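Asker: build the 3D model from these lines:
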Amino acid sequence: MSGVRRIVGVCLVVGSAAVRLPIAAVRLQPQAVGVATQRAPACRLCDASGAVTSEPKVSIKVKVKTPTNGASPPPATPPAEQASDAKVSISVKGPKAGSAAVVTAPPSAPVVERPPEEEELLEATQTANSLGLLDALQKGANPNIRDPKGRTPLHFMCGIGLAPACVLLIHFGANLEARDESGLTPLHMAAGYANAQCVRVLIAAGADVDAVTDRGTAFEVVKQLGEYQYEEVWLKRKDKWNKLKKTDEKLEKLKKCALYLDEPQLVRDETEWDDLLIDVLKVIQKDEYGGEEEAAADNK
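Answerer: Numbers count the residues shown, from 1 in each chain. Below you'll find the model as predicted:
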């Protein structure tokens with residue numbers, strides 16, 4: 001074979017456009033070029049006749065890297081040149097250890113520091129210790145200190161029915177009309193717990209029997225309790241489940257409360273406050289030397 005005559009074309013790709021540059025026909029010598037007998041690969045931009053076909057599809061991938069320290073950021077790409085299918089991933093890192101924001105708690109309520117004598121008074125009140133109560137009051141403790149519910153030592157003593165302690169507190173200036181958060185006075189407390197002797201002490205000291213709360217006056221409180229005790233307990237005393245004896249002690253106490261509250265002036269006329277105080281002090285002195293404390297007012 002003397003030679004192969006072939007048209008060879010060179011395709012150049014400039015940007016995204018393909019340009020075909022034809023070259024004149026030449027005679028190739030197989031012995032001079034060892035690969036001349038092999039078919040040159042067809043150009044993907046040209047057809048069999050050498051004509052330029054349509055532009056191929058171009059896929060562009062854009063990868064954005066964060067510039068390193070000291071390196072200037074790359075120029076912004078105009079919107080027209082940005083790939084329409086570009087994806088941007090944003091990762092948010094949590095704060096490093098030790099760099100968390102410190103949340104400041106709201107300021108707490110100031111702690112009230114009481115004098116030692118008032119702490120002693122509170123302890124004596126909670127333990128129903130009349131001797132400790134007297135000692136704290138003699139040291140100058142405020143008889144009108146309050147607990148978180150607004151109750152004074154007089155409220156507490158009227159609730160548990162310790163009449164001698166009520167006498168001491170009143171003698172040292174306890175407020176007879178102090179109201180707790182529920183609006184109850186010491187007289188309401190005494191009436192609500194059917195502590196007749198405390199009711200008597202308060203009335204003798206001048207407590208207002210007409211003071212009103214959402215439950216009414218102290219007399220109305222006693223009446224409501226008495227009606228319940230009479231209807232639900234006393235009238236059903238013969239029922240098998242009722243373990244009442246011949247007398248209902250609570251009903252009897254409520255009756256005494258009602259009598260004192262119904263005639264307050266008579267109670268004041270019949271009670272000598274100084275004598276009542278002396279009796280209380282005698283009882284406390286007896287208890288100090290090992291005797292049992294008794295409610296002096298209960299013996300009147």
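
Asker: right, and D248 touches E231 too?
Answerer: No: using Cβ atoms under 8 Å, D248 is not in contact with E231, being 11.8 Å away. Bear in mind the C-beta positions are built from the backbone N, C-alpha and C, glycine included.

Asker: quick one: which of these two has more around it?
Answerer: D248 (17 against 10; other Cβ atoms under 10 Å).

Asker: what about that one, distance to A141?
Answerer: Distance, D248 to A141, by Cβ to Cβ, to the nearest Å: 39 Å.

Asker: swap in A128?
Answerer: A128 sits 16 Å away from A141, going by Cβ to Cβ.

Asker: and those two? which has more neighbours close in?
Answerer: When neighbours are counted by other Cβ under 10 Å, A128 and A141 differ, and A141 comes out ahead with 23 against 15.

Asker: can you check the pLDDT for the more buried one?
Answerer: With respect to pLDDT, A141 has a value of 96.

Asker: that one should be in a strand, yeah?
Answerer: No: with DSSP: H, G, I helix; E, B strand; the rest coil as the criterion, A141 is coil rather than part of a strand.

Asker: now for the longest helix seen in the chain, which elements pack on it?
Answerer: In the chain, taking DSSP state H as the definition, the longest helix is helix 273-288. Packing contacts for helix 273-288, counted by 3 or more Cβ pairs under 8 Å, 6 or more residues apart in numbering; DSSP states H and E, involve helix 130-138, helix 163-171, helix 196-205.

Asker: quick check: angle from the helix or strand following the longest one to helix 196-205?
Answerer: What that stands for is helix 196-205. Following helix 196-205 in sequence order, the next helix or strand is helix 218-229 (DSSP states H and E). In this structure, helix 218-229 runs at an angle of 160 degrees to helix 196-205, with axes from the mean of the first three to the mean of the last three Cα atoms, to 10 degrees as the basis.
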